[in-house]
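S.K.: Sharing a model that was predicted from the sequence below.
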Amino acid sequence: MTLLALDRIGHAFFGRTVIERICLTVGPGEIVSLIGPSGSGKSTIAHVAAGLLEPREGAVRRAYRRHAMVFQDPRLLPWATAAQNIALPLRLACVPPRDRAARVQEAAARAGLLPEDLDKYPSELSGGMRQRTAIARALAPDPDFIYFDEPFTALDVALKRRMQDLLIAAAATTAGAGARFAALFITHDLMEAIRISHRILVLDAEGRGIAGERRVEGTPGHRADAMVFALWQGYLGADPLFAHVHDIDERRRP
Ligand SMILES: Nc1ncnc2c1ncn2[C@@H]1O[C@H](COP(=O)(O)OP(=O)(O)OP(=O)(O)O)[C@@H](O)[C@H]1O
């Protein structure tokens, strides 16, 4: 079964082609990273997949129930508390007010927010807490698919790691039930992709399709750091698929 399928997607801005022949699939419970250099069209692909942009070519099939999105910028309403921000999608989905508080608390707990943080305004929260709030807001309507567009890029290394672990835990469920959500995770950080994903898709250097993919050994959250590091070294040092990932100069793109 496939929750998301892109079939030969192409898109152009003002007549300039930015993506072409993009084919990808994401299955239930899968975290799939899409990696590529800056300007290679990763966000454009996520926007097309989520229905924010109509592609010029190709077809998108969505078989999931409900999706959410998390961006690099948390995009919180500054005049609303963390709890009110998290409740926003519940209000939009007409969830009765009596049910909202419990769902906000559950989502906040999954995102690692403390009860006392919920009454704070975004300006009173640190960058990491703001991003946790954005993640809680995404989790609140219980989506079975989440688009992440470089959500941790602006965070420092230790915080980034904690947020990756949080995402892995939030996606998985307890007691043998299926995963709670599948995800398309946009990043330019190969180490991050190896830590959190089941599969990594690599964009062609010129955005002309997916150059290839690698299924990452093991399960997210159960890979030892030494293994993650060894895979990262192997991919960058010896795997031609990743040769362009860190050394392309986006200013040379046509
Ligand atoms: N709304 C837009 N109008 C015009 N050009 C755009 C628009 N959005 C993106 N582009 C261009 O499309 C190309 C791909 O952009 P996109 O943001 O998808 O790349 P990306 O791989 O996500 O980059 P980054 O990693 O830097 O975020 C870039 O050259 C960008 O300038």
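M.R.: Right, received. Where do you want to start? Numbers count the residues shown, from 1 in each chain.

S.K.: for the residue nearest in space to the middle of the chain, helix, strand, or coil?
M.R.: When CA atoms, centre = their mean is applied to the chain, the residue found nearest the centroid is Phe148 (2.0 Å). Look at Phe148: counting by DSSP: H, G, I helix; E, B strand; the rest coil, its state is strand.

S.K.: Please report the distance of it from Gln105.
M.R.: 23 Å (CB to CB, to the nearest Å). The C-beta positions use only the backbone N, C-alpha and C, and glycine is treated the same way.

S.K.: Who are the contact partners of the residue nearest to the centre of the chain?
M.R.: Met69, Val70, Leu167, Ala183, Leu184, Phe185, Ile186, Thr187 (CB atoms under 8 Å, 6 or more residues apart in numbering).

S.K.: before we move on, what about Pro151?
M.R.: Counting by CB under 8 Å, 6+ apart, the residues that Pro151 touches are Val70, Phe71, Gln72, Gln131, Ala134, Ile135, Met163.

S.K.: make it 10 Å
M.R.: Counting by CB atoms under 10 Å, 6 or more residues apart in numbering, Pro151 makes contact with 69-74, 131, 134-135, 138, 160, 163-164, 167, 185-187, 192.

S.K.: Mind giving me the PyMOL command for buried ones among the residues you listed?
M.R.: Buried members of these, defined by 16 or more other CB atoms under 10 Å, are picked up in PyMOL with:
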select buried, resi 69+70+71+72+74+131+134+135+138+160+163+164+167+185+186+187+192
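
S.K.: Using CSV, write out every CA atom in the worst-scoring helix or strand of the chain on mean pLDDT.
M.R.: Lowest on mean pLDDT, DSSP states H and E among the helices and strands of the chain sits helix 157-171, with a mean of 87. Taking Å, rounded to 0.1, in the frame of the first residue of the first chain, the C-alpha atoms of helix 157-171 are listed here in CSV:
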residue,chain,number,x,y,z
VAL,A,157,23.5,20.2,17.1
ALA,A,158,22.4,18.9,20.5
LEU,A,159,18.9,20.3,20.2
LYS,A,160,18.6,19.0,16.6
ARG,A,161,19.4,15.5,17.9
ARG,A,162,16.8,15.7,20.6
MET,A,163,14.2,16.8,18.1
GLN,A,164,15.1,14.0,15.7
ASP,A,165,14.6,11.5,18.6
LEU,A,166,11.3,13.1,19.4
LEU,A,167,10.1,12.8,15.8
ILE,A,168,11.2,9.1,15.7
ALA,A,169,9.3,8.4,19.0
ALA,A,170,6.2,10.4,17.9
ALA,A,171,6.0,8.4,14.7
